[in-house]
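Novice: attaching a predicted model along with its sequence, questions to come.
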Amino acid sequence: MEAQAPWRVLEFYSGIGGMRYSLASSGVRAEVVEAFDINDVANDVYERNFGHRPCQGNIQTLTASDLDKYKAHAWLLSPPCQPYTRQGLQKHSADARAFSFIKILNLMQNMNFPPQMLFVENVVGFEVSDTHDQLIEVLSSLNFNTQEFILSPLQFGVPYSRPRYFCLAKHESMCFHNPSVNNKLLRTPTCLTLNSSTTQNSYEQNEDVLEVVCKPIRDFLEIHIMDTVDQDCSATTSDCKFRPAAFEKAGGCTPSETGSHDYIVPLSLIERWGNAMDIVYPESKRCCCFTKSYYRYVKGTGSLLATSKDHKPVPKENLEFSSLNELGLRFFSPREVANLHSFPSSFCFPDHISFRQQYAMLGNSLSVAVVAPLLHYLFAEI
């Protein structure tokens, strides 16, 4: 019997390859026939890891005939999130960064070979935007069924709080394994099971009830950095080998120019922002979302790791400055952030990519642990 040809997939806003890693991890028999991204630095990373450079240019210049030639079965899209973030202006579809996504949606209506499946990832907040309304309107007009989710890696055993919005869409000629939740927004991953015996009641369970026991953060750390930093900070943070000026300079350095001590949080930042820092320990089972500003700023950009072996976890409200000073606080390394995004160990950055660029691109990426099972569910055939 002849093997079925792989699904043909187009990847939009491909970034550093999180979506492609998710597709590979999903077990789906699929081929990425083209990827698109305007960021040349992100494309350097993508090319380094996949041996293919995404089509670089403004997606808004694409036409229906341009996309028809790929005859893709599925589109995977992770459009810019800035129009929908809480910190932004929340201009939604009026934000210029939303224009390309809206253009792609409208092109679907003029194509001879439109996709049969769509997968969209974005920040929480997208689901209440007018861009979301346009997405659902276009999909409805083309006879697609949708299932929407807000999920976090915490629900998949990863100690990383990063809730994101996902839209899975299939043409009505194809069916979801659990059609009873068509056109609904779900906050649990229960229906992703392909077991038809799953009951409707399970879809309504609280996220806290469904949250699995996560692995400890230590399972995602680089041991050599832990050992080196602990030696550098064996007494107190004030003894650590850092200078604020060196810390500022390190952000623009490449990995070969930066040592383990550059991850140590400077005393000046602890004095100024100590009360606002989210501090976790190797045995912790949750850390905060890393944003693209991590390492440049410490407030609200992601968790810091306490490395001192002489201190037990203490609630932040009970910590005095002197205690903070003795925790051996450090930033998570880019490799550790990639680990928490569930990127494979083979993933790496080209040598010319600076630390700040690495953190920024990881902050804009996605969780393979969450997206892979969603893609497996989307592509599953009945």
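Specialist: That came through, no problem.

Novice: now do the SS call for residue 148.
Specialist: strand (DSSP: H, G, I helix; E, B strand; the rest coil).

Novice: can you tell me the helix or strand for residue 370?
Specialist: helix 368-379 (DSSP states H and E).

Novice: same question for residue 312.
Specialist: Assigned by DSSP H and E, residue 312 belongs to no helix or strand.

Novice: ok, now how distant is it from residue 111?
Specialist: Distance of residue 312 to residue 111, computed by CB to CB, to the nearest Å: 60 Å. (C-beta placed from N, C-alpha, C; glycine too.)

Novice: of the two, which one has the most company?
Specialist: residue 111 (16 against 8; other CB atoms under 10 Å).

Novice: how about residue 218, nearest residue that isn't a chain neighbour?
Specialist: Distances taken as CB to CB, 6 or more residues apart in numbering place residue 282 nearest to residue 218, at 3.8 Å, with adjacent residues excluded.

Novice: tell me who's in contact with that neighbour.
Specialist: By CB atoms under 8 Å, 6 or more residues apart in numbering, the contact set of residue 282 is 216-218, 221, 226, 305, 307.

Novice: any of the residues you listed buried? List them.
Specialist: Among the contacts of residue 282, the ones that count as buried by 16 or more other CB atoms under 10 Å are 217, 221, 226, 305, 307.

Novice: may I see these organised as a markdown table, with secondary structure added?
Specialist: Output for those, formatted as a markdown table (three-state DSSP):
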| residue | secondary structure |
| --- | --- |
| 217 | helix |
| 221 | coil |
| 226 | helix |
| 305 | strand |
| 307 | coil |
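
Novice: min pLDDT across those, which one?
Specialist: Ranked by pLDDT, the buried ones among the contacts of residue 282 bottom out at residue 226 (63).

Novice: in this protein, which spans are strands?
Specialist: 7-12, 30-36, 74-77, 117-123, 144-151, 164-171, 185-186, 279-280, 304-306, 329-331 (DSSP state E).

Novice: where does pLDDT dip in the stretch 151-300 of the chain?
Specialist: Applying pLDDT under 70 to the stretch 151-300 of the chain flags the ranges 194-212, 226-260.

Novice: rerun at 50
Specialist: Along the stretch 151-300 of the chain, segments meeting pLDDT under 50 span 196-207, 209-211, 234-249.

Novice: tell me how far residue 167 lies from residue 369.
Specialist: For residue 167 relative to residue 369 (CB to CB), the value is 19 Å.

Novice: same question, residue 59
Specialist: 27 Å.

Novice: which of these two has more neighbours?
Specialist: Using other CB under 10 Å, the more surrounded residue of residue 59 and residue 369 is residue 369, with 23 against 19.

Novice: in this structure that one contacts residue 153, no?
Specialist: Yes: Residue 369 is within contact range of residue 153, at 5.2 Å (criterion: CB atoms under 8 Å).

Novice: overlap of the contact sets of these two?
Specialist: Common neighbours of residue 369 and residue 153 (CB under 8 Å, 6+ apart) are residue 342.

Novice: let me see the backbone angles for the residue nearest to residue 218.
Specialist: Note on residue 282: backbone dihedrals following degrees, to the nearest 10 are phi -50, psi -30.

Novice: tell me the spacing between it and residue 262.
Specialist: 20 Å.

Novice: how about residue 367?
Specialist: Taken as CB to CB, the span from residue 367 to residue 262 is 26 Å.

Novice: kindly report the same for residue 285.
Specialist: If you measure residue 285 against residue 262 using CB to CB, the figure is 27 Å.
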